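Trainee: predicted structure and sequence below. I'll ask about it afterward.
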Amino acid sequence: MPWSASAPNENRLPELEIHDVPAAARSLALILEDLDSPLGEMTHWLVWNVPPNRSRMDALNLREEACVGMDSFGKIGYLGPVPPEGVHRYRFRLLALDVELDLESGATRSQFDAAVEGHVLEEAELIGEMERPPRPEDR
């Protein structure tokens, strides 16, 4: 992932292309999580009830019916990666669901996980890496 996508810079989710959604899907959900955080897996973005006919997705162009959950930092919305040191892996998980979730925006990750249980038709995963550039004081 480019450093420009990090929170200290443009704080933007790279646009993702979506292909081959199952015909039975009623909605999509997307999770972005840091797999290498020293605090354990951290959720940076959580969105659900995205129409299954979407071919592209980013954090700025969501439709009204999409709901955005709370990240691991207690904020609702997208928070770009900021690896504290070294290389961190960031996983995008796209879930094709057989229902629209009955969850309000602002729901927590645990509420989301409970709501999707038994409703995932298919899952796609993309992992990107990001490394913090050296800081001037580290040189």
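Mentor: Thanks, I have the structure now.
Trainee: check which element follows whichever strand or helix holds A114 along the chain.
Mentor: In this structure, A114 sits in helix 109-116 according to DSSP states H and E. Once helix 109-116 ends, the next helix or strand along the chain (criterion: DSSP H and E) is strand 120-131.
Trainee: could you tell me how far that next one lies from the centre of the chain?
Mentor: The chain centre lies 9 Å from the centre of strand 120-131; the measure is Cα atoms, centre = their mean, to the nearest Å.
Trainee: ok so, going back, packing partners for the helix holding A114?
Mentor: strand 42-50 (3 or more Cβ pairs under 8 Å, 6 or more residues apart in numbering; DSSP states H and E). In short, each C-beta sits where N, CA and C put it, glycine included.
Trainee: what does the strand it packs on rub up against?
Mentor: With contact meaning Cβ atoms under 8 Å, 6 or more residues apart in numbering, strand 42-50 is reached by 13, 27-34, 57, 59, 62-63, 65-73, 77-81, 90, 97, 100-101, 103, 109, 112, 115-116.
Trainee: mean pLDDT per helix and strand in the protein: which one sits at the bottom?
Mentor: Scoring the helices and strands of the chain by mean pLDDT, DSSP states H and E places strand 56-57 at the bottom, with a mean of 82.
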